[in-house]
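> Next come a sequence and a model predicted from it.
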Amino acid sequence: GQQVMQIPQYQHVQEGEDFTTYCNSSTTLSNIQWYKQRPGGHPVFLIQLVKSGEVKKQKRLTFQFGEAKKNSSLHITATQTTDVGTYFCAGPGVYGSGNTGKLIFGQGTTLQVKP
Amino acid sequence: EAGVAQSPRYKIIEKRQSVAFWCNPISGHATLYWYQQILGQGPKLLIQFQNNGVVDDSQLPKDRFSAERLKGVDSTLKIQPAKLEDSAVYLCASSSLGRAGGRNTQYFGPGTRLTVL
């Protein structure tokens, strides 16, 4: 079945270091979304990428959608303790005759930042 | 704008007991989702409603799980009887998908942490 995979599963960095998580889909995606889940919290929407090769920035976060629309990455420059949490990518799933709006989530990358 | 509300926040039950979770989505959101999130994993969709109709329940274990959204607003998810492997966080989310100009950005509630002993 359709799968979305993320690596690494965990990353420990020193505050100020950079961080990157990678997301790969078994199928071509029409778009990809990224969510952040703080410890004990719930997923919160960060961004959606739609176009092939698209790059979007939010302050220290840079999101990229691959040319083939099967992979994506999130890069955080100069991490801060507030960046701690689990970052999920999610792609539209297909059910029955087409896209119903469901999302298939990756297993997430948990980021720990040492002050 | 009020977010997605869920109750209870925590529930501990014995195996073979039943449990129900409640969700109130963001006002005006046509689509409601129930997810199961097992520790260390991403959310897994159990069921998706658009208004009061089921869009996708392919991953719902129908022998023990049921869900309804009778008036197209609030929803309840029930487990009967519960098994040890049902221990997880149950997340409700909603989106404006299904309305004119609607988007698939999903807004999650705080979740219900279920422990089955």
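That came in fine, so what should we check first?

> residues in contact with residue B:25?
Counting by Cβ atoms under 8 Å, 6 or more residues apart in numbering or on different chains, residue B:25 makes contact with B:4, B:32, B:73-75, B:92-94. Quick note: C-beta positions are derived from backbone N, CA and C, even for glycine.

> which stretches of the chain aren't confidently modelled?
Since you didn't name a chain, this refers to chain A. Per-residue confidence of chain A (counting by pLDDT under 70) places the weak regions at A:94-100.

> That was the other one, I meant chain B.
B:1, B:99-102.

> for chain A, what are the nearby residues on it?
When proximity is defined as Cβ under 8 Å from any Cβ of the partner chain, chain B approaches chain A at B:31, B:33, B:40-45, B:48, B:50, B:55-56, B:58, B:91, B:93, B:95, B:97-98, B:104-111.

> about what we covered before: among the contacts of residue B:25, which lie within strands?
The strands, defined by DSSP state E, take in B:32, B:75, B:92-94 from those.

> What is the burial count for the residue nearest to residue A:55 when sequence neighbours are not counted?
Once flanking residues are discounted, residue A:55 sits nearest to residue A:64: 5.0 Å by Cβ to Cβ, 6 or more residues apart in numbering or on different chains. Around residue A:64 sit 20 other residues, with neighbours defined as other Cβ atoms under 10 Å in any protein chain shown.

> which SS class is residue A:64?
strand (DSSP: H, G, I helix; E, B strand; the rest coil).

> residue closest to the middle of the chain?
Chain wasn't specified; assuming chain A. Within chain A, one residue has its C-alpha closest to the average C-alpha position: by Cα atoms, centre = their mean, that is residue A:89, at 3.3 Å.

> I was after chain B.
Nearest to the mean C-alpha position of chain B, counting by Cα atoms, centre = their mean, stands residue B:34 at 2.6 Å.

> Quick one: residues contacting the residue nearest to the centre of chain A.
A:4, A:6, A:21, A:23, A:32-35, A:72, A:74, A:105-106.

> if we go to 10 Å?
Applying Cβ atoms under 10 Å, 6 or more residues apart in numbering or on different chains to residue A:89 gives the contacts A:4-6, A:21-25, A:29, A:32-35, A:46, A:49, A:63, A:71-74, A:103-109, B:42.

> ok, how many other residues are close to the closest residue to it other than its chain neighbours?
Beyond its immediate neighbours in the sequence, the residue positioned closest to residue A:89 (Cβ to Cβ, 6+ apart) is residue A:23, lying 3.6 Å away. Counted with other Cβ under 10 Å, residues neighbouring residue A:23 total 29.

> elements contacting the host helix or strand of residue A:23?
Assigning secondary structure by DSSP states H and E places residue A:23 in strand A:19-25. Other helices and strands packing on strand A:19-25, by 3 or more Cβ pairs under 10 Å, 6 or more residues apart in numbering or on different chains; DSSP states H and E, are strand A:4-7, strand A:10-14, strand A:32-37, strand A:61-65, strand A:71-76, strand A:85-95, strand A:109-114.

> so of the residues of chain B next to chain A, which ones are in strands?
Counting by DSSP E, these contribute B:31, B:33, B:44-45, B:48, B:50, B:55-56, B:91, B:93, B:95, B:107-108 to strands.

> which of those residues sit farthest apart?
B:44 and B:50 (19.2 Å; Cβ to Cβ).

> how many neighbours does the nearest residue to residue A:43 once chain neighbours are set aside have?
What sits nearest to residue A:43 in space, not counting adjacent residues and going by Cβ to Cβ, 6+ apart, is residue A:35, at 4.0 Å. Residues within reach of residue A:35, counting by other Cβ under 10 Å, total 25.
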